[in-house]
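>>> predicted model follows, preceded by the sequence.
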Amino acid sequence: VGVPLKSRIGGGARALSETLAIAAGIFSAMRDLTSHVICHGCVEQAAVSFVLSRGGSWMYAGKPLAAAGIVGAAGLSLFGLAHSTVAWAGAAFLLGLCSGFVFVFIAFHAMVHPERAGTYIGINESIVGLTGILGPLAGGAMAVATGHAVTFLVLAAAYAAAVVVQTIVHARVMAAARRS
């Protein structure tokens, strides 16, 4: 504890292999399909985070951010439309890809701009906390009123709208940075 993961286990490849071994152990212990679907999303998130953490200039480009948002909206839509375990696993896979990208994106910007790291992390964790409280309340009420499919489709539409706004704001911020 307190020692970076890479230092404790000896590098990125070993971290990935241990993550997959843990996931395999979790899979074998699961008794219901929902747990399998959730675990799939977590494994994809870890794998994407591992691959993308190698850096690059993609973290300043708008297109990868928009693409991750589209993948996330597709995953949420698939959760609403799914009628089989395979479809649910596909939805979890897409959402895991998106969340892995977003995790690395946020961590990268917090590390690259240490003077703003507290603000970035504070905003992120505030959003995570707020959505962790309000999401189940609003989503549960909507699911009772309209069914789970409509709830996920409305969430996918709201997420897609947020991605459009984020893409526009990102483009403006980057254009302003290039001018100065």
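Yep, it's here.
>>> return the residues in contact with the nearest residue to Ile70 once chain neighbours are set aside.
Leaving aside its chain neighbours, Ile70 sits nearest to Val163 (6.8 Å; criterion: Cβ to Cβ, 6 or more residues apart in numbering). Glycine gets a C-beta too; all of them are placed from N, C-alpha and C. The neighbours of Val163, taking Cβ atoms under 8 Å, 6 or more residues apart in numbering as the test, are Ala66, Gly69, Ile70, Gly72, Ala73.
>>> quick one: low-confidence parts of the chain?
Applying pLDDT under 70 to the chain flags residues 1-38, 40-41, 55-58.
>>> at 50 what do you get?
1-12, 27, 29-30 (pLDDT under 50).
>>> returning to that earlier point: out of the contacts of Val163, which comes closest to Phe103?
Taking Cβ to Cβ as the measure, Phe103 lies nearest Gly72 of the contacts of Val163, at 12.0 Å.
>>> still on that earlier bit, gap between the residue nearest to Ile70 and Arg116?
23 Å (Cβ to Cβ, to the nearest Å).
>>> burial of Lys63, as a residue count?
Using other Cβ atoms under 10 Å, Lys63 has 11 neighbouring residues.
>>> same deal with Leu155?
Per other Cβ under 10 Å, the neighbour tally for Leu155 reads 19.
>>> before we move on, what about the one 3 residues further on?
Around Ala158 sit 12 other residues, with neighbours defined as other Cβ under 10 Å.
>>> so how far is whichever helix or strand it is part of off the chain centroid?
In the assignment (DSSP states H and E), Ala158 maps to helix 148-179. Mean-position distance between helix 148-179 and its chain equals 14 Å (Cα atoms, centre = their mean, to the nearest Å).
>>> ok, and for that helix, which residues are buried?
By neighbour count on 16 or more other Cβ atoms under 10 Å, the buried set for helix 148-179 is Thr151, Phe152, Leu153, Val154, Leu155, Ala156, Tyr159, Ala160, Val163, Thr167, His170.
>>> out of the contacts of Val163, who's nearest Phe93?
Nearest member of those to Phe93, counting by Cβ to Cβ, is Gly72, at 11.5 Å.
>>> how close does that closest one get to Ala117?
24 Å.
>>> who has more neighbours out of these two?
Ranked by neighbour count (other Cβ under 10 Å), Gly72 and Ala117 place Gly72 first, with 23 against 14.
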